[in-house]
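Participant: mind looking at a prediction? Sequence and model below.
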Amino acid sequence: MAAYLYDRLVTEDEYRQRIRRHRPSSLLPLIAAAAACYGSPEHPQPWLKSPSMKYTPWALADAARVCLAYGTEYQRSEATERDLLEILTAYSSLKEPTLHGTDEPTIRLRDFMMRLGSEQGAWQAPEFNSLARTAALYLHTPFPEHRQPRCMVPGWDTELFGCPLPDYVGTAQLLWGCALFNAGRFDPAVFDGPDGEKFNQAISRETVASVIERHFATDVASVKAAERQTMENLGRVAGGKAAQLRRFTYNPLLGRPAVTGFGPGLLCPSPQLVWRKATPAGIYHTGREHFGSGFLRETGYLFEEYVGRQLRLIPEAEVIGEITYRVRRDERLSVDWIVVLDDLVLLVEVKSMMPTENARLGLEEGVAETDGKLARAYRQVNTTSAQIDERNPAFARIPADRPRQALIVTLEPFPIANANLPHVDLPVPDIPTTVVGAQEIERLVTLTDITPSSLLLERAADPQRSTWALNECLTGHEGGRNPVLDQGWASYPWATARLPSVPERFKGDEPEYNGAVSTSTNPS
């Protein structure tokens, strides 16, 4: 029945007013409990088993945002489970900003798909890969010998986080695990319970308290202030006046996912946002705020090396680093990596880039920004491929007698980057070229039932599948463990065991959902 509560499009104002009927002190705990229940990492996309499939993590996170940013306690009613279901149904019926506009159909589809991918894609990233990648990238990948770090000198992580990086990630895991287990709540009093010593042996209570206060905790006033700033920024974007675009902008809970003022300890309205703070994307933004643009540049250097580490996992592959070559008097550089296989030569260009706010809004400016960032990578692929064809002596090791493809690897996925939809001044690739995220490379190199080259060749030969995200083509194939990620995961405090159980007396009241809530953050 709930699926038909709104048999029409819902405006942003109607949706917001539906949330504002209820006191945040009543509604927010319901949202947190539902997000914890349908956010267990032990089951893929657990929200699919929620009532009418409305309890999506992105809808719950947005409802929490609106509740905090626009809600009030004054003359408002208590929220019930039925109210939350109606709110989530309203969210799923929100009017799409431009899909029914006057632009060309392919442009409207492109913009719609950019928003849809940005809204939902990040929530479907696997927790283990995303968290393990943090240590694999920032701790275990050596800094390039020809680069001199200015930010990432010894002790940079302690300066940034107030503790070593493994303890920072471990704190996020602890906060996340306890929130999942306890209807979205984290109470520091767990350290006083029977399992408190186990917690303290992994990460000290003082470290956990300090890191949470410094990086995770916020209050209602701060969320409201961040929301005002976000809306002011949106108003300055060309085409950003549409009220329906709000939900695609920055959610303040991304930066500070644990809220004070809603009972003992902290309430995490969206526990998934807790662990996302400890992924490379979260570290990227935290580092930028502290060190400035130099941190982003050095992340790029590390990411190039990290992708090389992954490529070397391909059996019987020859992985060749960036080649310096000359064209007349000019000295130039090839793509970052060239992988020589028996049946394929793979050109790999690495970019530590992520979708911008404009890209998430799906406006023309965001399309231009995205294509502008990718354009250099496409040109680099084309020029490198041309040098191989022309038999430039610097590329003598690279065979010219076999198929050639290219991968452009980005730190975070770019939705619909490979789709046959309108672009803005993006070069036409001379060879089959695919934009992939780090996770797709991590899966590709560990395939066991098919070789990476066979999969890529089959995909390129299919006119339809060649426009899909590589992840879609990987689905259904078997893969082995990724030792680079395993090494990253092993550096964390909770690598060898499940998080200790939260004592019964610290458990909150949980709604009667069909599904178990677990504290496990260990995929094995």
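Facilitator: Received it, and whenever you're ready, just let me know what you need. Numbering: from 1, shown residues only.
Participant: nearest the geometric middle of this protein, what residue?
Facilitator: By CA atoms, centre = their mean, the chain has its centre lying nearest to Ala122, at 4.0 Å.
Participant: leaving out chain neighbours, which residue sits closest to that one?
Facilitator: Nearest residue to Ala122 in three dimensions, chain neighbours excluded: Arg276, at 7.1 Å (CB to CB, 6 or more residues apart in numbering). No exception for glycine: its C-beta is placed from N, CA and C like everyone else's.
Participant: thought that neighbour was touching Ser130?
Facilitator: Yes - between Arg276 and Ser130 there is a contact under CB atoms under 8 Å: 7.5 Å.
Participant: Ser204 and Phe181, how far apart?
Facilitator: When distance is defined by CB to CB, to the nearest Å, Ser204 is 21 Å away from Phe181.
Participant: what does Arg21 give?
Facilitator: Distance from Arg21 to Phe181, by CB to CB: 30 Å.
Participant: again, but for Asn471
Facilitator: Asn471 is 30 Å from Phe181, by CB to CB.
Participant: more neighbours: which of the two?
Facilitator: Of the pair Asn471 and Phe181, Phe181 is the one with more neighbours under other CB atoms under 10 Å, namely 26 against 16.
Participant: select the longest helix from this structure.
Facilitator: Counting residues, the longest helix found in the chain (DSSP state H) is helix 364-389.
Participant: just list what it packs against, helices and strands only.
Facilitator: For helix 364-389, the elements it packs on are helix 105-120, strand 345-351, helix 357-361, strand 404-410, strand 433-437, judged by 3 or more CB pairs under 8 Å, 6 or more residues apart in numbering; DSSP states H and E.
Participant: now the ones you listed in CSV, with distance to Pro154?
Facilitator: Below are those laid out as CSV (distance: least, CB to CB, whole Å):
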stretch, distance to Pro154
helix 105-120, 36
strand 345-351, 25
helix 357-361, 34
strand 404-410, 28
strand 433-437, 30
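Participant: following the helix or strand bottoming out on mean pLDDT in the chain, which helix or strand comes up?
Facilitator: Using mean pLDDT, DSSP states H and E, the weakest-scoring helix or strand in the chain turns out to be helix 196-202, at a mean of 87. Next helix or strand after helix 196-202 toward the C-terminus (DSSP states H and E): helix 205-211.
Participant: give the buried residues for that following helix.
Facilitator: For helix 205-211, burial by neighbour count (16 or more other CB atoms under 10 Å) applies to Thr207, Val208, Ser210, Val211.
Participant: can you lay out those as a markdown table showing distance to Ala59 and pLDDT?
Facilitator: As requested, the buried residues of helix 205-211 are exported to a markdown table (distance: CB to CB, whole Å; pLDDT from 0 to 100):
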| residue | distance to Ala59 | pLDDT |
| --- | --- | --- |
| Thr207 | 34 | 95 |
| Val208 | 30 | 96 |
| Ser210 | 33 | 97 |
| Val211 | 29 | 97 |
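Participant: would you point out the most distant pair within those residues?
Facilitator: The most widely separated members of those, counting by CB to CB, are Val208 and Ser210 (7.4 Å).
Participant: so which of the helices and strands packed on helix 364-389 is nearest Leu139?
Facilitator: For those, the distance to Leu139 is smallest for strand 345-351, at 18.8 Å, taking CB to CB.
Participant: so how far is the closest one off the chain centroid?
Facilitator: In terms of CA atoms, centre = their mean, to the nearest Å, the centre of strand 345-351 is found 22 Å from the chain centre.
Participant: tilt between that strand and strand 404-410?
Facilitator: Relative orientation of strand 345-351 versus strand 404-410 (axes from the mean of the first three to the mean of the last three CA atoms, to 10 degrees): 20 degrees.
Participant: begin at 44 from now on, thanks
Facilitator: Noted, 44 is the first residue going forward, which turns the last one into strand 388-394.
Participant: and strand 388-394, what does it pack against?
Facilitator: Using 3+ CB pairs under 8 Å, 6+ apart, the elements in contact with strand 388-394 are helix 336-354, strand 380-383, helix 407-432, strand 447-453.
Participant: who are the packing partners of the shortest one?
Facilitator: So that's strand 380-383. Secondary elements touching strand 380-383 (3+ CB pairs under 8 Å, 6+ apart): helix 336-354, strand 361-364, strand 388-394.
Participant: for the last one, same thing?
Facilitator: Here strand 447-453 touches strand 388-394, helix 407-432, strand 476-480, helix 481-487, helix 495-504, going by 3+ CB pairs under 8 Å, 6+ apart.
Participant: so which bits of the next helix or strand after the last one are buried?
Facilitator: Using DSSP H and E, the helix or strand that follows helix 495-504 towards the C-terminus is helix 513-517. Taking 16+ other CB under 10 Å as the basis for neighbour counts, the residues of helix 513-517 that come out buried are Leu513, Asn514, Cys516, Leu517.
Participant: follow-up on the earlier one: out of the helices and strands packed on strand 380-383, deepest packed?
Facilitator: strand 388-394 (a mean of 24; mean count of other CB atoms under 10 Å).
Participant: quick one: contacts of that strand?
Facilitator: By CB atoms under 8 Å, 6 or more residues apart in numbering, the residues outside strand 388-394 that reach it are 343, 346-347, 350, 354, 377-383, 416-417, 420, 423-424, 427-428, 431, 441-442, 445-454, 474, 496, 499.
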